[in-house]
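[1] I'd like to go over a predicted model; first the sequence, then the structure.
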Amino acid sequence: MPSMISCLLAAAAALSIASVSAPAAAAYPERPITLVNPNAAGGPADVVARSLARALEKRLGQPVVVENKPGGGASIGTGFVARAKPDGYTLLLGTSAGHVVTPLMQKTVYDGVGGFAFCSVVAVQPIMLVVNPSRGIKTVPDLIARAKAEPGKLSYGSAGMGGATHLGAELFQQAAHVQLNHIPYAGASPAINDAVGGQIDLAMLNLSASLPFIRQGRLVPLAYAADKRSPLLPDVPTLDEAGVKGAQAATWYSLAAPAGTPADVVQKLSDTVRSVNDDPDYRRIMQDQAIELMALSPKDADAYVQKDRADMQRLLGTLGLLAK
């Protein structure tokens, strides 16, 4: 009998110890976190990644190190995180390209939606339609009239095939019933350079990429592909206001972890994103880049990405770009 009592006491002690050490998430994070950006350094995504990393580490008490893994339509970095240990120490600054568009256009080794636990959608950056001033196009109606008079002659640049800037332009062409000539670039910078230099007529790019040249008068802003005007360019109409309905387009940025990451860790990261948005320095940096802050819950972030996949699947299907 004493031996049974001893066993019971030992079991009780073990349970007591376990109950004290069980809430692992309360201690998270206990070491540095890696935030993977699947885009090249220096672009709008890098601004978001590095600004978010600095703001997160202030609140989490651990370094958040940004690691760029560009290439493959964002599939290289996105796939790297999908295969990482689901412990909350390897995170992804996700976009529609890596999560949605690339997996729809080609076979990838990861599931862009099911392979991740979405902590939040942290920001969105609508696209601006700009034109070289030498073309004499001042408004969207001017552009539509010229494009209809010369189908396929006007060229536009995007930040890459299948990205938000390319697909935003495709939405514009469908809604406006015009045909433009697409010139894809490896990023926003070379597209903007050629638009400024006159090698292409137009560009559909995130506002942060084109804003300095708009302010210098080297590009003419025609319309903003959002549901409201940008406070940075309040005189520039939205596409809806310019008469082109249903062509809203934007790049969104998520904070995602590998599928299987503990729910309490995902929730803690989501809550931290919400608190980060109250940081005045972070808000100022984002506003200066024409980036609109968001802080969706894990459930709402997952629904947001699911809707984007459904929308992109329809659009890519009409363009004949879905993977066979």
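    Done, it's in.

[2] how about the helices in the stretch 151-300 of the chain?
    For the stretch 151-300 of the chain, the helices defined by DSSP state H, counting those that start in this stretch cover 164-176, 188-197, 207-215, 263-276, 280-288, 298-319.

[3] now the last one: buried residues?
    Neighbour counts over helix 298-319 (16 or more other CB atoms under 10 Å) mark 298, 301, 302, 304, 305, 308, 309, 312, 315, 316 as buried. No exception for glycine: its C-beta is placed from N, CA and C like everyone else's.

[4] which one is the fourth one nearest to, not counting chain neighbours?
    Which is residue 304. Using CB to CB, 6 or more residues apart in numbering and skipping the chain neighbours, the partner closest in space to residue 304 is residue 121 (5.1 Å).

[5] doesn't the one you found lie inside a strand?
    Yes. The assignment for residue 121 by DSSP: H, G, I helix; E, B strand; the rest coil puts it in a strand.

[6] for it, give the beta-bridge partners.
    residue 254 (DSSP bridges).

[7] you'd agree it is up against residue 253?
    Yes. Residue 121 lies in contact with residue 253 (CB atoms under 8 Å); the separation is 7.2 Å.

[8] could the buried residues of helix 298-319 be laid out in a markdown table, adding pLDDT and distance to residue 91?
    Formatted as a markdown table, those follow (pLDDT from 0 to 100; distance: CB to CB, whole Å):
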| residue | pLDDT | distance to residue 91 |
| --- | --- | --- |
| 298 | 98 | 13 |
| 301 | 98 | 13 |
| 302 | 97 | 16 |
| 304 | 96 | 17 |
| 305 | 97 | 15 |
| 308 | 93 | 19 |
| 309 | 94 | 20 |
| 312 | 90 | 23 |
| 315 | 87 | 28 |
| 316 | 90 | 27 |
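
[9] which of the helices of the stretch 151-300 of the chain is buried the deepest?
    Highest mean neighbour count of the helices of the stretch 151-300 of the chain: helix 164-176, a mean of 22 (counted as mean count of other CB atoms under 10 Å).

[10] surely residue 181 meets residue 151?
    No. Residue 181 is beyond contact range of residue 151, at 9.6 Å (criterion: CB under 8 Å).

[11] okay, those two: which has more neighbours?
    residue 181 (14 against 11; other CB atoms under 10 Å).

[12] neighbours of the residue nearest to the more buried one when sequence neighbours are not counted, how many?
    Once flanking residues are discounted, residue 181 sits nearest to residue 155: 4.3 Å by CB to CB, 6+ apart. Using other CB under 10 Å, residue 155 is surrounded by 16 other residues.

[13] I'd say residue 155 and residue 184 touch.
    No. Applying CB under 8 Å, one finds residue 155 not in contact with residue 184, separated by 11.0 Å.

[14] circling back: how much space between the residue nearest to residue 304 and residue 68?
    Using CB to CB, to the nearest Å, residue 121 is found at 21 Å from residue 68.

[15] with neighbour numbers in mind, choose between those two.
    Per other CB under 10 Å, whichever of residue 121 and residue 68 has more neighbours is residue 121, with 24 against 19.

[16] got the contact list for the nearest residue to residue 33 once chain neighbours are set aside?
    Excluding the flanking residues, the one nearest residue 33 by CB to CB, 6+ apart is residue 64, at 4.8 Å. Contact analysis of residue 64 by CB atoms under 8 Å, 6 or more residues apart in numbering lists 32, 33, 34, 35, 52, 53, 54, 56, 57.

[17] ok, the fourth one - how many residues close by?
    Residues contacting residue 35 under the criterion other CB under 10 Å number 20.

[18] what lines up beside the one helix or strand it maps to in the sheet?
    If you go by DSSP states H and E, residue 35 is part of strand 33-37. Its sheet considered, strand 33-37 pairs with strand 64-68 (parallel), strand 90-94 (parallel) by DSSP bridges.

[19] any residues touching the very next helix or strand once past the last one, and which ones?
    So the one you mean is strand 90-94. Using DSSP H and E, the next helix or strand after strand 90-94 towards the C-terminus is helix 96. Outside helix 96, the residues that touch it by CB under 8 Å, 6+ apart are 163, 164, 251, 252, 308, 312.
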